[in-house]
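**Student:** need a 3D model of the sequence below.
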Amino acid sequence: MRISFPAFLKSALAALFLILAGGAVAQDVTFPRDELSIKTAAGQTYKFTIELAFTDAQRERGLMYRKVMAPDAGMLFDFGTPRPVSMWMENTILPLDMLFIQGDGTISHIRENAVPYARDIIDSHGPVKFVLELNAGRSKALGIKVGDKVISKRIGNQW
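**Tutor:** Here you go, the predicted structure:
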């Protein structure tokens, strides 16, 4: 017995399949973990457990769809070489602070309280090699400012 579906139903089923298949692929993205510290000009050092995003798939997925993140957690995006970077918050549930970091670990720009789901482009304001995403408000609460240093094995600094 052969079942015939109307053309619109075939299109809808095909679209649903692509959405579900795409979601399954996105869920397969995993992130290695590491630790880093931020040393402020005031002499304070704050440690974070981070996830690393250094492949295209990892950077594309980022923190999208996450509902919670520990206060001392974050995600470090490694772009390989210094370049202007643009980020956005589409499909990102958590409000975030984005710290734009040069190759030597110096924070060159901070975007505080990026709005969930926003499609606005968040610009690095110049070439950077890394972006660190933290929970919104952490930069201000800890007194993290432009010029402070991020220290980790990944960035090339030693603890």
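**Student:** any idea how far E90 is from R61?
**Tutor:** 12 Å (C-beta to C-beta, to the nearest Å). For every residue, glycine as well, the C-beta is placed using N, CA and C.
**Student:** settle it for me: which of these two has more neighbours?
**Tutor:** R61 (21 against 10; other C-beta atoms under 10 Å).
**Student:** the residue nearest to the more buried one when sequence neighbours are not counted in helix, strand or coil?
**Tutor:** Leaving out its chain neighbours, the residue that sits closest to R61 by C-beta to C-beta, 6 or more residues apart in numbering is V29, at 4.5 Å. Taken by DSSP: H, G, I helix; E, B strand; the rest coil, the conformation at V29 corresponds to coil.
**Student:** how many neighbouring residues does V29 have?
**Tutor:** 15.
**Student:** backbone dihedrals for it, please?
**Tutor:** Backbone dihedrals for V29, given as degrees, to the nearest 10, come out at phi -70, psi 130.
**Student:** do A141 as well
**Tutor:** Main-chain torsions, A141, degrees, to the nearest 10: phi -60, psi -30.
**Student:** swap in R111?
**Tutor:** phi -110, psi 110.
**Student:** give the contact list for it.
**Tutor:** M87, D97, M98, F100, I122 (C-beta atoms under 8 Å, 6 or more residues apart in numbering).
**Student:** low pLDDT regions in this protein?
**Tutor:** By pLDDT under 70, the low-scoring segments of the chain are 1-27, 156-159.
**Student:** and the residue nearest to the spatial centre of it, how close does it get to Q102?
**Tutor:** Centrality entry for the chain: nearest residue to the mean C-alpha point is G62, 4.3 Å, by C-alpha atoms, centre = their mean. Distance, G62 to Q102, by C-beta to C-beta: 20 Å.
**Student:** can you give me the strands in this protein?
**Tutor:** 33-39, 45-53, 73-87, 96-101, 107-114, 122-135, 149-151 (DSSP state E).
**Student:** okay, these, which one's buried deepest?
**Tutor:** Mean neighbour count (mean count of other C-beta atoms under 10 Å) peaks for strand 96-101 among these, with a mean of 26.
**Student:** pretty sure P71 contacts R138?
**Tutor:** Yes: the criterion here is C-beta atoms under 8 Å, and P71 meets it with R138 at 7.0 Å.
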